[in-house]
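K.L.:
let's see this in three dimensions:
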Amino acid sequence: MKQGKISDYVNPVPIKITDDKAIFKVEKLVPTPYIERVLPLEYAPLYEQLAELDTAIPKIVCLEKSDRLTVIEEYIDSPRLDQYLETHKLTSAQIHDLICQLLDVLAVLHQQTPPIIHRDIKPENIFYDGQKLILADFDIARNMQEDADRDTRILGSVGYAAPEQFGFSQSGPASDFYAVGVLMNVLYTGCLPSVRLYKGPEREIIEKATHINSQKRYQSAQEFKDAITGLGRSSWLLPGFRSHQPARMLTAGCGYLLMLFSSFSMDAKSDSAADSFLLRLSFFMVLFLIVLFACNYRNIKSMCLFHSSKSKFTRACGIIISYLLVATVLTTALAALSVAISSFGH
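P.N.:
As a prediction, this is how the structure comes out:
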């Protein structure tokens, strides 16, 4: 932490003032903006810990204790994530990268002695410029206490706060992972999981992260991150097989066999065996494409026309049009191949 005095920071502009806390935007004697936080002294051990960390959080440049704790931290000149999302729609790859960056920060926080639990992860407390993430606002963060059976204060943002933050048990690393799971769902759908749960391949990760029982959630940032990076290895599996659940895999397998049987047993009147085969293959591919689009295989909907629209109807039209375009291109290509084979035969 850089050395300095509170008196070096001037021109306070109020940002947030409550009964026990105050946050100001201030400047050093040279015109560089900083953030000043005036907090109860009980926050001193936490902010002394934060001042020593080298991770993606606002750097603390000065701490001073009197009857209150005064903290000077760097001013982040980037939009908040909620502001960024108003004008940008993230791709699946960007969401994965953002969540993994966030988990890297949490890994550092949770590895401290005692562990630091943020307890208020949400878009409003994250700065993001499209590439780099910074986790901010530790005003309700706490140190995890091994001998405590529940939180002494009920704090957190509704929708993002884990059940234990409402007094059922002590919050811990899994509480932060709950909020990360909610955030991941919001980034994909724009809604909390309780309103609309994402249906893509990340669904199982979100469901595990937001399980009501903290013991059944991810227990470390690395475990959570491994689940996300593991999607890249399993994302090529066909719909129905990505879950690795026997019942779903059996159902999917039967469905694919039925599609094959119905396609290649159809009466295809043609002049040659090759033409008949390509006609049946074309019919099968049209059916198969419906499955891929319906199941959002490899996040195919994010590549469809109008996928960034806020209108569900417009997005649905974009998916249908995109499907028809792909199906038309595919069947046209197979028809051209059939003509080429016929010409070669003659």
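
K.L.:
and L250, how many neighbours?
P.N.:
Using other C-beta atoms under 10 Å, L250 is surrounded by 11 other residues. Yep, even glycine has a C-beta here, placed from its N, CA and C like the rest.

K.L.:
for the helix or strand containing it, buried residues please.
P.N.:
For L250, the host element (DSSP states H and E) is helix 246-264. Across helix 246-264, burial judged by 16 or more other C-beta atoms under 10 Å covers M249, A252, Y256, M259, S263.

K.L.:
and that helix, what other elements does it pack with?
P.N.:
Using 3 or more C-beta pairs under 8 Å, 6 or more residues apart in numbering; DSSP states H and E, the elements in contact with helix 246-264 are helix 273-294.

K.L.:
what's the helix it packs on in contact with?
P.N.:
Helix 273-294 is contacted from outside by 239, 255, 259-260, 262-264, 266, 268-270, 297, 300-301, 319, 322-323, 326-327, 330-331, 334-335, 337-338, 341-342, 345, using C-beta atoms under 8 Å, 6 or more residues apart in numbering.

K.L.:
how big is the angle separating the helix holding L250 from helix 273-294?
P.N.:
Using axes from the mean of the first three to the mean of the last three C-alpha atoms, to 10 degrees, the direction of helix 246-264 lies 140 degrees away from that of helix 273-294.

K.L.:
make 144 the starting number, not 1.
P.N.:
Sure, I'll start numbering at 144, so the last one becomes helix 389-407.

K.L.:
what residues are up against I349?
P.N.:
Taking C-beta under 8 Å, 6+ apart as the test, what I349 contacts is G324, V325, M327, N328, P336, L340, Y341.

K.L.:
ok, E216 next?
P.N.:
By C-beta under 8 Å, 6+ apart, the neighbours of E216 are Y177, I178, R180, P201, K202, I203, V204.

K.L.:
in terms of helices and strands, where is the last one?
P.N.:
Following DSSP H and E, the helix or strand that holds V204 is strand 203-208.

K.L.:
now do the next helix or strand after that strand, average pLDDT.
P.N.:
Next along the chain after strand 203-208, taking DSSP H and E as the criterion, comes strand 212-217. For strand 212-217, mean pLDDT rounds to 93.

K.L.:
distance from strand 212-217 to the middle of the chain?
P.N.:
30 Å (C-alpha atoms, centre = their mean, to the nearest Å).

K.L.:
as PDB, could you dump the C-alpha coordinates of it?
P.N.:
The C-alpha atoms that make up strand 212-217 are tabulated as PDB, following Å, rounded to 0.1, in the frame of the first residue of the first chain:
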ATOM      1  CA  LEU A 212     -11.800   4.400   9.700                       C
ATOM      2  CA  THR A 213     -11.000   6.500   6.600                       C
ATOM      3  CA  VAL A 214     -10.000   4.600   3.500                       C
ATOM      4  CA  ILE A 215      -8.600   6.200   0.300                       C
ATOM      5  CA  GLU A 216      -8.700   3.800  -2.700                       C
ATOM      6  CA  GLU A 217      -8.200   4.300  -6.400                       C
END
